[in-house]
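S.K.: Just the structure for this:
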Amino acid sequence: DFLDGDYQKFNNNMGYVRGQQNNDDGLLNAFKSMQIGGNDGGLGAIAEEDEEEDSDEEGEIVNEHESEPALITYQDVKDEYFPQAFSHFTYENSKNHLMVVDLQGCFEIKSTGHRLYRLTDPVIHKRNSKKLTGYSFGRTDRGRKGIRAFFHTHRCTDVCRLLGLKEVNSV
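M.R.: Okay, the predicted model is just below:
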């Protein structure tokens, strides 16, 4: 069954954020460096990168600071802010071990006024962690690189502040 509505890409696993003008040349270079191809009917389009050994002792992925208390309500924020805030939320809620990205799907406003995202085919980035050994999220899991790419382009919005998420800056 297909999703009804206007299919959109909200973010991806390389740091792209829909509607954001600051997706810089670093992102373009990351795409160019990907290996494309394979003899598996197109399924090899996302090539695995060499694993980098990252230990928890290397320090944090991002510099964080507390955001100011929000003086707004959910009715005041733009709908397009929610997918990025969701990705940010997954990172913080997992104690900085996981992040859900590559959010794509359909957004609709129901006749009741309720807003609904129907998302499909997400990617999970796992920070290399001794606490998560045994978990594998496939070839699209870019680990720390993917988490850094997200925070390189993510700008906290009112939704992040409403959720009490920490503002972040790439290291």
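S.K.: residues in contact with the host helix or strand of V100?
M.R.: Here V100, judged by DSSP states H and E, is contained in strand 98-101. Residues from elsewhere that reach strand 98-101 (C-beta atoms under 8 Å, 6 or more residues apart in numbering): 11-13, 86-87, 90-91, 122-127, 132, 146-147, 150. C-beta: built from backbone N, CA, C; applies to glycine.
S.K.: Now do it, average pLDDT.
M.R.: Averaged over strand 98-101, pLDDT sits at 95.
S.K.: Pull up the pairing partners for it, direction included.
M.R.: strand 123-126 (antiparallel) (DSSP bridges).
S.K.: List the buried residues in the partner strand.
M.R.: Residues of strand 123-126 classed as buried by neighbour count (16 or more other C-beta atoms under 10 Å): V123, I124, H125, K126.
S.K.: Quick check: the farthest pair among the residues you listed?
M.R.: Greatest spatial distance in those: V123 and K126, 10.4 Å, computed using C-beta to C-beta.
S.K.: Next, show the common contact partners of these two.
M.R.: F137, D141.
S.K.: For the residue lying closest to Q20 once chain neighbours are set aside, give me phi and psi.
M.R.: Distances taken as C-beta to C-beta, 6 or more residues apart in numbering place T153 nearest to Q20, at 6.2 Å, with adjacent residues excluded. With angles defined as degrees, to the nearest 10, T153 sits at phi -110, psi -20.
S.K.: so T153 makes contact with R18?
M.R.: No. Assessed by C-beta atoms under 8 Å, T153 is found out of contact with R18, at 10.5 Å.
S.K.: So which of these two has more stuff around it?
M.R.: The neighbour comparison of T153 against R18 (other C-beta atoms under 10 Å) goes to T153, with 19 against 15.
S.K.: my read: V17 touches E80, true?
M.R.: No. Applying C-beta under 8 Å as the test, V17 and E80 come out as separate, 9.7 Å apart.
S.K.: neighbour-wise, which of these two wins?
M.R.: Under the criterion of other C-beta under 10 Å, the comparison of V17 against E80 puts V17 first, with 24 against 16.
S.K.: Now do the same contact list for the more buried one.
M.R.: With C-beta under 8 Å, 6+ apart, V17 has these contacts: F10, N11, N23, Q84, T153, H154.
S.K.: Now do the shared contacts for V17 and E80.
M.R.: F10.
S.K.: what ranges of the chain fall below the confidence cut-off?
M.R.: Counting by pLDDT under 70, the chain contains low-confidence ranges at 1, 21-75, 129-133, 170-171.
S.K.: show me where it has strands.
M.R.: Taking DSSP state E, the strands of the chain run over residues 7-9, 62-65, 98-101, 104-109, 115-120, 123-126, 167-170.
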